[in-house]
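Student: Sequence and predicted structure, then a few things I'm wondering about:
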Amino acid sequence: MKATPLRRLRHSALVAALLLVGCESDQQASAPEAPPFVFRSLELRQKRADGQRDWDLISPEARYEFNRRLVRASRPEGILYRNDQPSFRISADRATVINDGELVLLEGQVELRQLQGKKVLIKGDRMRWTPATSLLVMEQRPEAIDALTHIKASKAKLNQITEDLTLLGTVQLERWRKPEPGAAAATKAETVVRSREADWNLRSGVLKAKGPVLGQRRDQKHTVLQQLTAQRLEGNTQQGFIDLIGPVAVVSPQRKGRLDASNTRWLFSDEALVSKAPFRASMQTSKLVGDGFRIDMAQSTVSVLSGCHLSQPKEELRAR
């Protein structure tokens with residue numbers, strides 16, 4: 001009968017153990033439960049049915065429990081492959097390989113680094129990896145980080161092949177502006193967005209999240225400069241925008257202003273909100289309506305694209 005990949009993995013582990021540790025005595029061999037094999041170093045390799053590389057895992061020290069088909073490894077490091085090419089680098093403080101590779105549990109300081117594209121880093125305290133389904137589940141304190149974006153959630157699931165990352169629970173996206181040449185990066189995020197379950201493709205940057213959505217633009221003293229709400233969002237972190245699906249409300253607490261609109265695009269790099277749809281706004285005693293707008297968030301100014309109608313007590317202004 002032809003050996004399966006898991007059976008080959010088990011056999012290679014046992015051969016390595018015998019080479020490294022040597023034979024046990026007859027008395028030990030006849031014991032009800034064989035003692036674990038101790039590896040001075042361990043290297044496991046798994047291939048797919050078509051012969052392409054699936055994953056590699058190495059450890060400087062490991063124990064193999066024969067009866068339970070269980071490997072306990074310290075300071076494991078590995079490579080995950082997609083289309084026979086390295087796609088992610090994985091590391092942790094410790095790993096438990098169950099049933100000769102059917103399930104891998106990584107614990108401690110777990111890190112999963114994208115090796116191509118934006119080199120997104122996913123980290124947490126505990127990850128459950130099922131190689132047969134290419135599914136990695138970060139169960140404790142998951143965070144996904146790229147150069148300008150930091151996303152936190154209660155739980156995260158990554159499909160190794162499609163690079164789709166599903167974030168569960170309360171999801172918080174923090175975004176930094178790209179610093180000017182020679183300038184120091186801001187210590188706190190300028191933009192914070194909270195939502196429910198979100199899907200983020202690490203390869204393309206496409207992001208979708210369920211609402212309700214709450215977004216804030218803050219200064220370095222953590223003061224809220226603008227706050228907005230929406231039903232849900234769609235966007236692209238690589239292209240630097242989020243489309244807020246209406247109804248959308250934008251509030252400026254310091255100026256006591258409010259703007260109500262439908263679908264609105266949030267341009268992070270330009271610090272602007274833009275929409276071509278009709279809107280209605282108010283600030284203290286003034287009211288403004290129009291067809292389309294652009295808000296310069298840094299200057300707290302609104303440009304009306306067309307159909308402007310401004311009114312306040314005893315005064316009125318209309319313009320194209």
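Tutor: Everything's here; your move.
Student: Which stretches in the protein count as helices?
Tutor: Chain-ordered helices for the chain, with DSSP state H as the definition, fall at 5-21, 26-29.
Student: Can you flag the weakest of those helices by average pLDDT?
Tutor: Lowest mean pLDDT within the helices of the chain: helix 5-21, a mean of 41.
Student: gap between the two ends of stretch 105-123?
Tutor: 14 Å (Cα to Cα, to the nearest Å).
Student: Dump stretch 259-268 to CSV, restricted to CA.
Tutor: Extracted in CSV, the C-alpha atoms of stretch 259-268 (Å, rounded to 0.1, in the frame of the first residue of the first chain):
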residue,chain,number,x,y,z
LEU,A,259,-22.7,66.5,8.3
ASP,A,260,-25.1,63.8,7.1
ALA,A,261,-24.5,62.1,3.8
SER,A,262,-24.7,58.7,2.0
ASN,A,263,-21.7,56.7,0.7
THR,A,264,-18.5,58.6,1.4
ARG,A,265,-14.8,57.8,0.6
TRP,A,266,-12.2,58.4,3.4
LEU,A,267,-8.8,59.1,1.8
PHE,A,268,-6.2,58.5,4.5
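Student: got the contact list for that stretch?
Tutor: Under the criterion Cβ atoms under 8 Å, 6 or more residues apart in numbering, residues 148, 175, 177, 191, 215, 228, 230, 235, 240-251, 272-275, 277-281, 293, 295, 302 lie in contact with stretch 259-268. (Glycine included, C-beta is placed from N, CA and C.)
Student: Of the residues you listed, which count as buried by neighbour count?
Tutor: 148, 175, 177, 191, 215, 228, 230, 235, 240-246, 248, 250-251, 272-275, 279, 281, 293, 295, 302 (16 or more other Cβ atoms under 10 Å).
Student: need the contact list for the closest residue to N83 other than its chain neighbours.
Tutor: By the measure of Cβ to Cβ, 6 or more residues apart in numbering, the closest residue to N83 outside its immediate chain neighbours is Q52, 7.1 Å from it. The neighbourhood of Q52, defined by Cβ under 8 Å, 6+ apart, consists of 81, 83-84.
Student: returning to that earlier point: now, the buried ones among the contacts of stretch 259-268 that are in strands?
Tutor: Using DSSP state E, the subset of these located in strands is 175, 191, 215, 228, 230, 235, 241-245, 248, 250-251, 272-275, 279, 281, 293, 295, 302.
Student: List the buried residues for stretch 65-80?
Tutor: Residues of stretch 65-80 classed as buried under the neighbour-count rule (16+ other Cβ under 10 Å) are 69, 71-73, 76-80.
Student: Quickly name whichever of those residues is closest to L168.
Tutor: Relative to L168, the closest of the buried residues of stretch 65-80 is L80; by Cβ to Cβ it sits at 21.5 Å.
Student: Surely that closest one touches R113?
Tutor: No: if you go by Cβ atoms under 8 Å, L80 and R113 don't touch, sitting 10.1 Å apart.
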